[in-house]
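>>> The following block contains a protein sequence and its predicted model.
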Amino acid sequence: MLAAPAAPRVGTTLPIPLQDDDVVERLPTRLLDGAERARRRLEQRSLRGGDNDPRNAASGARRAIDRYRRFGDPRDLGAAQAWLRPWWSEPEIAPPLRLLKAIVLQSRHEFDAAVFELDKLLAPRNTTVDEQVLQQALLTRAGILQIVGRWRDARRDCARLAAPPWSLPHGVACLAELDGLSGRETAAQQQFEALDRSATSLPPGWIALLRAELAERSGAANAGALYVRALRLSGDVYSRIALVDWLLAHGRAADAARIVREFQGDADPSIESLPDSLLLRLAIAARNARDPEADSIASALQKRLEDAQLRGDVSHGRERARYALDVRDDPRAALMIASENWQRQKEPADALLLVRAARAARRIDALEPVKRFARERNYRDTRLNPL
């Protein structure tokens, strides 16, 4: 189990360094090309200069969020919040900035706070909100509601996007994903295949990933190939995590480690360049493959997770539970953390993790929350059989 965090200091979210050489937190490093470094310097000068232009702030925050989605570096979320800082605590905030604030909160797994911001943005009295902002807010709220298990509410937002006058393929994909989760796998598969064939504005990597996840839950043989395609089309960290998890679940630790290492590239082969989510997968792969570096990788991961706990980060519940279960071989600790994580989010990966931890800890009673959730929503996943 992870060590208990030190006593918090009032008014801080990070420990206060007592000396100049104290390490506050270890974060992943990432080598940048010349153009990216120049862009970062320009951003930093704008932030230091107190740029209060909301259009510049929205543009800067969007770029930072895009980087976070691609690389998984939490500092990019910090940069996004820094762009939004002049308006962050204001009760009245321009709709594009409120949307970006909600996305930052969502990325930090502060789901209730994110939904609060989106509810305000989508209130009927906001009749002058730009159409694209409304659409993105609905899609974002639907995604969060799905994560926390409020599928019926999520479906309303998806249906609004899919219906005239918008008739957006994003709404269709959103409804298909919910269908695939709630017992209508064949209809969802057909809809995804149709979206994949059509020339829509949807990112092809996203559709490939949704198809792969549905195929894996259904036990289809093409799930692995779809995960490979999703990563090839998008290249983002989430698609890489999904493929690595599939490889680990199928006993292919060496291949999983190779896919993780490809994220680093030749320029920066150290594990410090990995985001926490990929460092976890590398630690699991190294342990399963009996890699001589397994202990040092696990130690680096433990330090990262302890740092996250210390700063009050609630987004690492799944990683902490998997670390306890798959690296430390401590199913009782894993079950405790997985149960706490299930209270916050209810994605298929969270259900699977709780079931695995309960079985490993020989606590069949702990399966009841997932069993009840599956019954109420007609949720099916071959990986959970037999419950």
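Done, it's in.
>>> rest of the way, CA atoms for contacts and neighbours
Will do.
>>> Could I get the full set of helices for the stretch 251-387 of the chain?
Remark: helices assigned in the stretch 251-387 of the chain by DSSP state H, counting those that start in this stretch are 253-264, 276-288, 294-310, 317-322, 331-344, 348-360, 368-377.
>>> Can you name the next helix or strand after the helix or strand bottoming out on mean pLDDT in the chain?
Using mean pLDDT, DSSP states H and E, helix 34-48 stands out as the lowest-scoring helix or strand of the chain, at a mean of 57. Next in sequence after helix 34-48, counting helices and strands by DSSP states H and E, comes helix 54-71.
>>> what separates that next one from the chain centre, distance-wise?
Here helix 54-71 is found 17 Å from its chain centre; the criterion is CA atoms, centre = their mean, to the nearest Å.
>>> Please apply the same query to stretch 325-332.
The answer for stretch 325-332 is 22 Å, by CA atoms, centre = their mean.
>>> Show me the shaky parts of the protein.
Within the chain, the stretches with pLDDT under 70 are 1-51, 265-269, 386-387.
>>> domain ranges for it?
43-129, 149-235, 314-387 (automatic domain parsing).
>>> Could you dump these into JSON lines and include distance to Ala308 and mean neighbour count?
Converted to JSON lines, the domains of the chain look like this (distance: least, CA to CA, whole Å; neighbours: other CA atoms under 10 Å):
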{"stretch": "domain 43-129", "distance to Ala308": "10", "mean neighbour count": "18"}
{"stretch": "domain 149-235", "distance to Ala308": "25", "mean neighbour count": "18"}
{"stretch": "domain 314-387", "distance to Ala308": "7", "mean neighbour count": "19"}
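>>> you'd agree Ala366 is up against Ala358?
Yes. Counting by CA atoms under 8 Å, Ala366 does reach Ala358; the two are 5.8 Å apart.
>>> Turn the domains of the chain into JSON lines, columns for distance to Ala283.
Below are those laid out as JSON lines (distance: least, CA to CA, whole Å):
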{"stretch": "domain 43-129", "distance to Ala283": "17"}
{"stretch": "domain 149-235", "distance to Ala283": "21"}
{"stretch": "domain 314-387", "distance to Ala283": "7"}
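>>> among the ones you listed, which is nearest Pro275?
Closest to Pro275 of those, according to CA to CA: domain 43-129, at 5.7 Å.
>>> didn't Leu325 look like it was pressed against Met336?
No. Leu325 sits out of contact with Met336 when judged by CA under 8 Å, with a separation of 10.7 Å.
>>> element containing Ala221, please.
Here Ala221, judged by DSSP H and E, is contained in no helix and no strand.
>>> Now do the same contact list for the residue lying closest to it once chain neighbours are set aside.
Among residues not flanking Ala221 along the chain, Ala215 sits closest, at 7.5 Å (CA to CA, 6 or more residues apart in numbering). Applying CA atoms under 8 Å, 6 or more residues apart in numbering to Ala215 gives the contacts Ala221, Asn222, Ala223.
>>> No more questions from me, cheers.
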